[in-house]
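Asks: just need the structure, nothing else, for what follows:
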Amino acid sequence: MRKLFFLFIAFCFAGPAIFGQNVSFVGTTDKAVVVGQQFRVNYTLTTAGDNGKDIRFPDTKDFDNLFGPIQSGYSSYTSIINGKSSTQLSVTYSYTLAAKNEGTFTIPAVTIKVGNSDYKSNELSVKVLPPDKAAQAAAANSDQQGGQGGQSSAPAGSSDDVFFKAIVSKNSMYENEGFLVTIKLYSLVDVVNLGAYKFPEYEGFIAQEIDIPANAQMMLENYNGRNYRTLVMKQTILYPQHSGKITIPSGKLDVVVRVRTQQRQRSIFDDFFNMTQDVKRTITSSPVTIDVKPLPTGKPASFTGAVGDYKMTSSITSNQIKTNDAVTVKVDISGNGNLKLIKNPEITFPNDFDVMDPEVTNNTKVTQSGVSGVKTIKYNAIPRYAGDFTIPKAEFSYFDVKSGTYKTLTTDEYSLHVVQGPAATGGNTPIVNATNKEDIRFLGKDIRYIRTGLAKFHKGDFFFGTFGYLLFYIVPFLLFVIIFWIYRKQVAQNANIALMRTKKANKVASKRLKTAARYLNENKTELFYDETLKAVWGYLSDKLNIPVSVLTKENVDANLVKYGATENLIQDFRNILDTAEFARFAPAQESGKMDELYDATVQAIDKMENTIKK
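Replies: Numbers count the residues shown, from 1 in each chain. Below is the predicted model of the structure:
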């Protein structure tokens with residue numbers, strides 16, 4: 001009896017919570033409506049078989065409750081699992097409202113009773129637009145003509161009833177500062193079909209696309225006094241790569257719209273029959289010009305072009321390890337900005353460490369506020385000798401747009417104690433007390449055997465004063481002069497930074513292309529195109545002695561002509577850049593196209609090396 005009593009009490013308290021988990025009460029309505037016009041608000045109740053009752057709509061001063069509630073939908077679903085049946089009911093209640101004033105208002109939660117419990121719906125935010133001025137004028141004119149027995153005509157369409165435009169979130173920004181570009185369609189008529197389109201090209205920008213839902217619906221928006229139905233077709237976060245005035249060119253779109261046909265004389269039948277026809281149009285968006293400001297002076301030494309808002313943290317796998325065991329320093333850079341393209345901070349390991357290429361992982365998402373997330377860099381190294389070492393701090397600098405200043409973040413400094421692992425073969429034990437390889441001493445081979453027996457002496461020829469004796473002094477002197485001359489020449493060349501960049505351009509590009517080839521074999525499409533772009537832009541920057549920050553396709557063409565490059569070679573580089581930039585943010589490409597791009601890049605750089613001799 002005691003157990004039954006406790007079970008009854010538990011059921012009384014837990015029962016409502018258990019059943020409450022099967023009840024949902026959700027409200028939906030249009031996000032934008034017109035003041036004075038009627039619109040519907042639906043509330044859907046989903047329960048495990050119990051109908052709702054006593055639904056209560058709250059009083060609100062912003063909307064008139066014209067009618068409701070009425071039951072506009074009902075469905076029932078029964079399932080049987082393991083011999084047990086369960087029923088789910090769905091009931092929709094509708095209200096007809098009208099907004100009183102313009103602005104953005106909130107419809108409070110609606111309450112309904114299910115069983116012995118009350119449930120509240122979600123609140124709804126509604127943007128109320130002003131009346132359409134042209135529609136009001138047309139209605140007034142129609143009433144006037146109708147009263148006079150005159151004629152009425154419905155337009156067959158004009159250039160203002162459907163158009164699309166590029167909308168930028170800001171018209172002025174800094175280099176590498178992200179901003180939003182929205183391609184939006186506006187229509188006063190029914191859009192039957194969207195045909196071929198050519199969106200604006202973003203030359204001079206790094207672009208990050210925002211995913212648009214496939215089932216995106218048209219929304220109501222007031223623009224220039226007219227209430228258009230709008231559809232967001234494309235959204236992109238752009239990062240300008242150089243300062244100055246940059247123009248986003250126009251785009252084209254083919255649409256099929258349904259318009260009313262011209263009527264000569266209005267009759268009573270026009271109220272019953274709406275005469276329409278489908279018309280195909282090609283609409284063009286207007287170009288948009290933005291002002292890109294250069295970054296202020298006073299850049300820190302560790303600044304590599306990052307613009308945005310960032311944080312940086314670091315960690316190390318262990319402060320005590322054995323020789324030949326790997327140690328990893330992990331750096332996380334988080335925030336909002338073009339995370340994928342920021343350069344990695346430089347972690348300096350001691351000389352006695354074998355350092356591997358860092359592993360980079362990007363966990364980012366693209367939203368209307370920009371690219372945000374975390375970029376993780378893992379630096380792996382293997383100590384070969386025992387001792388105490390220090391891994392110094394690394395710096396990462398960026399330009400903070402909000403404060404208009406440069407900020408520098410630093411990692412932690414790590415002290416690493418390395419103990420000797422398994423002894424090496426031959427009994428030789430390396431011991432290190434500092435970070436220089438010159439301090440290494442080997443024990444076990446510092447004792448030599450003493451030779452026994454009588455020494456034998458051999459009489460040699462007299463060498464002093466001979467020709468060989470003179471050569472013994474002359475040849476080293478001549479070698480010293482030659483080596484000194486070569487050294488001075490090398491120092492002079494190294495002092496010419498522009499010349500050294502030009503000479504090493506092919507070597508740096510080849511190293512990046514090897515990395516691109518590895519990504520090609522691994523079928524990592526995005527990484528392949530990223531590395532190919534870096535190789536080509538970096539090569540042109542070094543070869544033509546133009547900083548990457550001001551490098552554009554136009555000044556590349558002009559400088560290649562100065563150096564005697566052929567028109568075909570110039571066109572090859574332009575095709576490579578266009579293909580790689582488009583493919584980075586397009587759907588996955590065929591592997592054959594990637595192979596062709598890689599071969600074309602290698603051939604173009606070879607032709608350049610044969611053309612420009614420095």
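Asks: from here on, contacts and neighbour counts on C-alpha atoms
Replies: OK.
Asks: shaky segments in the protein?
Replies: Filtered on pLDDT under 70, the chain yields the residue ranges 1-21, 49, 135-159, 262-274, 423-465, 492-501, 549-550, 584-591, 612-614.
Asks: could you identify the helix or strand that succeeds the longest helix along it?
Replies: Counting by DSSP state H, the longest helix found in the chain is helix 467-495. From helix 467-495 onward toward the C-terminus, using DSSP states H and E, the following helix or strand is helix 497-521.
Asks: for that following helix, which positions count as buried?
Replies: Across helix 497-521, burial judged by 16 or more other Cα atoms under 10 Å covers 499, 501-503, 505-506, 509-510, 512-513, 515-517, 519-520.
Asks: what residues does it touch?
Replies: For helix 497-521, contacts defined as Cα atoms under 8 Å, 6 or more residues apart in numbering pick out 493-494, 525, 527-529, 531-532, 534-536, 538-540, 542-545, 591, 594-595, 598, 605, 609, 614.
Asks: and it with helix 467-495, angle?
Replies: Angle between the axes of helix 497-521 and helix 467-495 is 80 degrees (criterion: axes from the mean of the first three to the mean of the last three Cα atoms, to 10 degrees).
Asks: hang on, the earlier thing: now, which of the buried residues of helix 497-521 sits nearest Lys365?
Replies: Tyr519 (22.3 Å; Cα to Cα).
Asks: look up how far Asp530 lies from the closest one.
Replies: Distance, Tyr519 to Asp530, by Cα to Cα, to the nearest Å: 10 Å.
Asks: check Ala196 too.
Replies: Ala196 is 29 Å from Asp530, where distance means Cα to Cα.
Asks: quick one: which of the two has more around it?
Replies: Comparing Ala196 with Asp530 by other Cα atoms under 10 Å, the one with more neighbours is Asp530, at 18 against 10.
Asks: and the helices in the stretch 501-614 of the chain?
Replies: 525-544, 553-562, 567-584, 591-611 (DSSP state H, counting those that start in this stretch).
Asks: could you redo these as a markdown table and give each row distance to Ser285?
Replies: Converted to a markdown table, the helices of the stretch 501-614 of the chain look like this (distance: least, Cα to Cα, whole Å):
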| stretch | distance to Ser285 |
| --- | --- |
| helix 525-544 | 30 |
| helix 553-562 | 24 |
| helix 567-584 | 21 |
| helix 591-611 | 32 |
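Asks: so which of those helices is nearest Glu209?
Replies: Closest among the helices of the stretch 501-614 of the chain, once you apply Cα to Cα, is helix 567-584, at 10.5 Å.
Asks: CA-only coordinates of that closest one in PDB, if you can.
Replies: Coordinates of each C-alpha in helix 567-584 appear next as PDB, following Å, rounded to 0.1, in the frame of the first residue of the first chain:
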ATOM      1  CA  GLU A 567      49.000  39.200 -75.700                       C
ATOM      2  CA  ASN A 568      48.400  35.400 -75.500                       C
ATOM      3  CA  LEU A 569      50.400  35.200 -72.300                       C
ATOM      4  CA  ILE A 570      48.500  38.100 -70.800                       C
ATOM      5  CA  GLN A 571      45.200  36.500 -71.700                       C
ATOM      6  CA  ASP A 572      46.400  33.200 -70.200                       C
ATOM      7  CA  PHE A 573      47.000  34.800 -66.800                       C
ATOM      8  CA  ARG A 574      43.600  36.600 -67.000                       C
ATOM      9  CA  ASN A 575      41.800  33.300 -67.900                       C
ATOM     10  CA  ILE A 576      43.500  31.500 -65.000                       C
ATOM     11  CA  LEU A 577      42.500  34.200 -62.500                       C
ATOM     12  CA  ASP A 578      38.900  34.400 -63.700                       C
ATOM     13  CA  THR A 579      38.500  30.600 -63.700                       C
ATOM     14  CA  ALA A 580      39.900  30.100 -60.200                       C
ATOM     15  CA  GLU A 581      38.000  33.000 -58.700                       C
ATOM     16  CA  PHE A 582      34.700  31.800 -60.200                       C
ATOM     17  CA  ALA A 583      35.300  28.200 -59.200                       C
ATOM     18  CA  ARG A 584      36.200  29.000 -55.600                       C
END
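Asks: quick one: buried residues of it?
Replies: 569-570, 572-573, 576-577, 579-581, 583-584.
Asks: among these, which one lies nearest to Pro240?
Replies: Glu581 (14.1 Å).
Asks: the longest strand along the chain pairs with which strands, and in what direction?
Replies: Looking across the chain with DSSP state E, the single longest strand is strand 63-81. Each strand paired with strand 63-81, and its direction, by DSSP bridges: strand 84-99 (antiparallel).
Asks: contacts for the partner strand?
Replies: 33-51, 62-80, 128.
Asks: in it, which residues are buried?
Replies: In strand 84-99, counting by 16+ other Cα under 10 Å, buried: 88-99.
Asks: ok, back up a step: can I have the buried ones of the contacts of helix 497-521 as a PyMOL selection?
Replies: A single PyMOL command is used to select the members of these judged buried by 16+ other Cα under 10 Å:
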select buried, resi 525+527+528+529+531+532+534+535+536+538+539+540+542+543+544+545+594+598+605
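Asks: ends of stretch 51-67, what's the gap?
Replies: 22 Å.
Asks: mind listing what Leu544 touches?
Replies: 502, 556, 559-560.
Asks: is it true that Ile112 touches Tyr119?
Replies: Yes. Contact status for Ile112 versus Tyr119: in contact at 5.4 Å, counting by Cα atoms under 8 Å.
Asks: and for these two, which residues touch both?
Replies: By Cα under 8 Å, 6+ apart, no residue touches both Ile112 and Tyr119.
Asks: how long is stretch 381-391 end to end?
Replies: 11 Å.
Asks: what's the offset of it from the middle of its chain?
Replies: Here stretch 381-391 is found 37 Å from its chain centre; the criterion is Cα atoms, centre = their mean, to the nearest Å.
Asks: go on, stretch 190-206?
Replies: The mean C-alpha position of stretch 190-206 is separated from the chain mean by 20 Å, Cα atoms, centre = their mean.
Asks: could you do stretch 24-41 as well?
Replies: Per Cα atoms, centre = their mean, the centroid offset for stretch 24-41 relative to its chain is 35 Å.
Asks: same check, this time on stretch 350-358
Replies: On Cα atoms, centre = their mean, the centre of stretch 350-358 falls 31 Å from that of its chain.
Asks: now could you export just the CA positions of it as PDB?
Replies: Taking C-alpha atoms only, stretch 350-358 is exported to PDB below (Å, rounded to 0.1, in the frame of the first residue of the first chain):
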ATOM      1  CA  PRO A 350      64.000  26.300 -31.100                       C
ATOM      2  CA  ASN A 351      66.600  25.300 -33.700                       C
ATOM      3  CA  ASP A 352      66.900  21.800 -32.400                       C
ATOM      4  CA  PHE A 353      63.200  21.000 -33.300                       C
ATOM      5  CA  ASP A 354      62.000  19.400 -36.500                       C
ATOM      6  CA  VAL A 355      59.000  21.700 -37.500                       C
ATOM      7  CA  MET A 356      56.200  20.500 -39.800                       C
ATOM      8  CA  ASP A 357      53.700  22.500 -41.800                       C
ATOM      9  CA  PRO A 358      50.800  23.800 -39.700                       C
END
